[in-house]
Structure formats: C-alpha cells, structure tokens
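Asker: just the structure for this:
(2 chains)
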Amino acid sequence: MVKVRFAPSPTGYLHIGGARTALFNWMYAKSQNGTFVLRIEDTDLERSKQEYVDEILDSVAWLGMSWDELYFQSKRFDIYRAHAEKLLKAGLAYKDNGAIFLKVKKQEIKIYDLIRGEINFDTSYFTAHNDDGAPVLDKEGQVVLKDEVLIKADGSPTYNFCCVVDDALMEMTCIIRGEDHISNTPKQILMYEALGYKPPKFAHLPLIMGKDGGRLSKRTGAVAVSEYRKMGFLPQAIDNYLMLLGWAPGNNQEIMNLNSAIKIFSIKKINKAAAVFDMDKLKWINTQYLKQMNVVDVASFLKPFLKERGFIDESTDEMWLQKIIGLYKGRFSTLDEFLERTDFIFQENIIIDSSLVLKHLTNDKKEIFFQLAQAYETLESFDSKSLEAVFRGLVEKCGLKASDVVHPVRVSLTGKDVGPGLFETMEILGRVKTVNRLRQAFR
RNA sequence: GACCCCAUCGUCUAGCCUGGUCAGGACACAAGCUUUUCAAGCUUGCAGCGCGGGUUCAAAUCCCGCUGGGGUCGCCA
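Answerer: You can find the predicted model right below:
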C-alpha cells in the first residue's frame, strides 16, 4: 500500500514549486490507490503563521487535491522528544548545552532514488570545511564530524528529526520532494538507522526555475498559487501545466486532466533535469481549458471576479453576461486579459488614447458619426443585424467605405482599435452607451 | 570552495534503459489563408542532441574526461 505526503512549512504562501511537489505526490498516491497525507511542518513557531496554514490548505484544495490525513508537527513535540530520549538512553545521542545531538561516525551512505538511481554520500563531508575546502581535522589528523542536532537548545525539534520520526511513524512508503532536499537525505538516513526504522524510498523532483535560469522568485514572476488564482487561471490549467514540468503523458498529448493523468502516471518517467517555468505556455493551456468550457461555466468562473471589481452585481442580466463571454471566447487566456478587453462594456466612461483619436477620429468622420447616432437612437430593434444594415446604408449614402468607418467607430465605442465584430459589440454595449459614445466622439 | 544532482530546438518535452526510424510533438517566433480589425482556427516555415575522447559496422542513446547550469553546506524548513 502506497503512502506519501506533502509537507509544506507555513512560513509563506504555497508557491508553484510546492504545488508541483504536492501534485506529483498526489498523482502517485492516486495512481497507486494509495494514501495522500498533508503534513504541516510548523515547528518554527516564530515564522509559522496561521494565515499561511489556511492559505496552503485552501490552495491545495483549490487545485483539486484532497488529502486523506492531516497532521501538524507543532502538536507532536512530545513524540519527537520521546524519540530523542530513546536515543539518549541507547547511547546514540548526547546532550550538550541543552540540545540533543545524534552522534555521527564516519561512514558511507547509500540512498536509492526512484528518479536518479543510487546516490552516495560520505559523512565526512557533513563537517565544516576550511577556507581552502579541506575538512577540519583533529589533533590525530582525523576529520571532525559534525553531529546532527535532534532537539534544539530551546527544546524544539529540528526539521530533519521531525521529518524522519513522522515519515517512519506515519509509514510513508516513498518520499517525493524537491531536489533541494537531496543533501538532507543522508542525514535523515542516519536518523532512521539510529531509531531502528527502515528508510523509505526517495524520489527527488527536479526544481522549477525562473526565466533567468535561477530559482523561481517574485523577481521572475508570480510564485504563489494564490496569485495565479487571482490572475484568473483555472486550477485544471495549473495542474495540467505543472504535471508537464518534468513529466510527459506520452503520445504527444499535452492537454490532460488529473483523472486521465493518474491512470498513466509513472514516477520512474519523471525527468531529472530542472525545468524553466514558462508563463506563455501556462496561458496557452488556460486558453485551451477556457475554450473547452461552455459559456455558463466560464460565466460562473468569471462572476466572482467581476463582482469584486464592481463590474456586475446581483441585478446583472445573466444572458447578457453570457453573450459577452461568448463573443470573447478564444480572445482571452486569463481573467486579466478578459477585463483588459471588455472593461469598456462595464465602465460608464471610457478613455481613448490620444494616438487613437488622432489616427481614427478625424473630422471627416464627424458627419457619419452624427448620422449613425441619430439613426441608432430610434432604431427599432437594437440587434447586430439591424445595426449593420443601417450602418452600411448610411456609409454608402455618404460615399464612404465601410472599413474606413468601422475602425473609427470601434475606437469611439471601445477605446481600442481591436476587438470582436463591431455590430455584435454594439448590441452588447446597448443603445444608450453606443449612441452617447458616438456623440461624444467629436466633442 | 567542498559535496551532490543535471545536460535534446529560445522554452517544455518524446526518443536514452533494450545503440541502427529524414531526432517527433507543444509553447513562442515568422509567413500565408480567413477576416471590418484583433484573437481564434487552418497551412507552412525557423530552430536542437554542449564539447572532446573512446566502445561499435553503427552513438542523442553505452563509458570516460571537460565545460556549463542547478542544489546544499543553520540549534530555518
């Protein structure tokens, strides 16, 4: 029976790298019909915050990962202490300055990694080194090994110790975590051995890097899952993108939901090399999911955001909103982009960039704008077909070309020189805003 | 610096284990079609096995070295 865990520390928001680690753990558990545990590593009482715990739990759930068990290390301090005492009694650990240390002797440590194969370490390298890189030696010329802290002087247990005790007690079968933990692994193996527990298997995931090749950070873009949520990414899209970072479903398939993915997921097929996070591809995937969704679902996804900005309220016509979404489907990859393109619909007044005014709202268009406003004001049915018919009629009468008027009108109505079909746009905008904006164009 | 990990188009990757298909797909980019513009869509194009040695009839694939990148060196997690 497979059992794995995601063990975040609530000293910050869940970031995209952590989310991917959680995802691979979750996918592995699900693919093996195993158990997925969420363990909050809040042993650092100073830095751990409840708001981060809430945010992490919320983000994990939002991404569609459900956990079978939930633990908080802060509630298990007595367990860690008991284990330390046991080592003390067995003579494998000692007390010094209030802290409890595990004695480390020189030895080779072999770890088996499901992704990387065998990795070998020598405990001599745990020691401090001189400036020239040589290990510190004692009087007899032996390397001075640095013993591992189990319990700190303030009585709180160390990360490595809690991790080992918990992973052993919770009977984890495989530890899937980031590559940055490789160097912790030999220290932890030592603790497993001292405690008399059999070490689990390990799988160290390649790291996710920013565009600059360095670690993913705020400098290279958003890192918190919650930020992506606010930007209007769909959880399915983020899951899909994240699973592609270091793993491939095969058959040249890329768009794949979690349910299908867990059927074919294999931990051994995970890549060894670090991957660069590519926002463009994430956006593209988000677009793919948005396009697969029907307007009703997109509407319910968008609504909370639109409400928050005061763009819509309870009285907003549902059909009207769906019509807008239908018109813009395929034209936006995230909520942010949607708002960027449709703000003119929701806002009372628009600001037209002066360069667009200069280019499109030239005085020779004044007359046709006047006539259009006049005609639209009294047009019986304000639908795109009628609007277009009137438009073409008037334009021809004025001896103008439709395309020469379409763009200026679009600019006057939307403040943009690009967008969906002009007449559908008018229909959605409605008579009042359309006529007013046509009139205001030359004021 | 020491130790550890890694190395296929600009990016994500398939192929590597079990050497022999013009190294396949996707994003991005470019061009064309379509169109009142944009986007979408369709078509096409550009672009890669880091370098050097081996092993072999044959190497992206196996071995070694180099170079390059990343990670870790806390009584943080």
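Asker: where does the stretch 1-150 of chain A dip in pLDDT?
Answerer: A:128-143 (pLDDT under 70).
Asker: what residues are up against the closest residue to A:Gly232 other than its chain neighbours?
Answerer: Nearest in space to A:Gly232, with sequence neighbours left out and distances taken as Cβ to Cβ, 6 or more residues apart in numbering, is A:Leu335 at 2.1 Å. For every residue, glycine as well, the C-beta is placed using N, CA and C. By Cβ atoms under 8 Å, 6 or more residues apart in numbering, the contact list for A:Leu335 reads A:Met231, A:Gly232, A:Leu302, A:Phe305.
Asker: ok, A:Asp383 next?
Answerer: When contacts are counted by Cβ under 8 Å, 6+ apart, A:Asp383 touches A:Glu427.
Asker: just to revisit the earlier point, which one of the contacts of A:Leu335 is nearest A:Phe382?
Answerer: Nearest to A:Phe382 among these, counting by Cβ to Cβ, is A:Leu302 at 24.3 Å.
Asker: I figured the closest one hits A:Tyr328, correct?
Answerer: No - in this structure A:Leu302 lies outside contact range of A:Tyr328 using Cβ atoms under 8 Å: 10.1 Å.
Asker: which bits of the stretch 1-150 of chain A sit near RNA strand B?
Answerer: Within the stretch 1-150 of chain A, the positions near RNA strand B by Cβ under 7 Å from any atom of the strand are A:9, A:11, A:41-44, A:47, A:73, A:96-99, A:116-117, A:119-122, A:125, A:128-129, A:132-133, A:149.
Asker: phi, psi for the residue of chain A positioned farthest from its centre please.
Answerer: Here the centre of chain A is the reference, and by Cα atoms, centre = their mean the most remote residue is A:Lys397, at 55.1 Å. The phi/psi pair for A:Lys397 (degrees, to the nearest 10) reads phi -60, psi -30.
Asker: state the distance from it to A:Arg410.
Answerer: With distances taken as Cβ to Cβ, to the nearest Å, A:Lys397 is found 20 Å from A:Arg410.
Asker: kindly report the same for A:Gln322.
Answerer: A:Gln322 is 22 Å from A:Arg410, by Cβ to Cβ.
Asker: the two - which one has more neighbours?
Answerer: Set A:Gln322 next to A:Arg410 and count neighbours by other Cβ atoms under 10 Å: A:Arg410 wins out with 21 against 15.
Asker: how about the contacts made by the more buried one?
Answerer: A:Lys416, A:Asp417, A:Gly419, A:Leu422, A:Thr425.
Asker: for A:Val405, which residues are in contact?
Answerer: Neighbours of A:Val405 in contact, by Cβ under 8 Å, 6+ apart: A:Lys365, A:Ile368, A:Phe391, A:Val395.
Asker: kindly state the pLDDT recorded for the last one?
Answerer: According to the prediction, A:Val395 has pLDDT 90.
Asker: over to it. Which of the three states is it?
Answerer: Classification of A:Val395 using DSSP: H, G, I helix; E, B strand; the rest coil returns helix.
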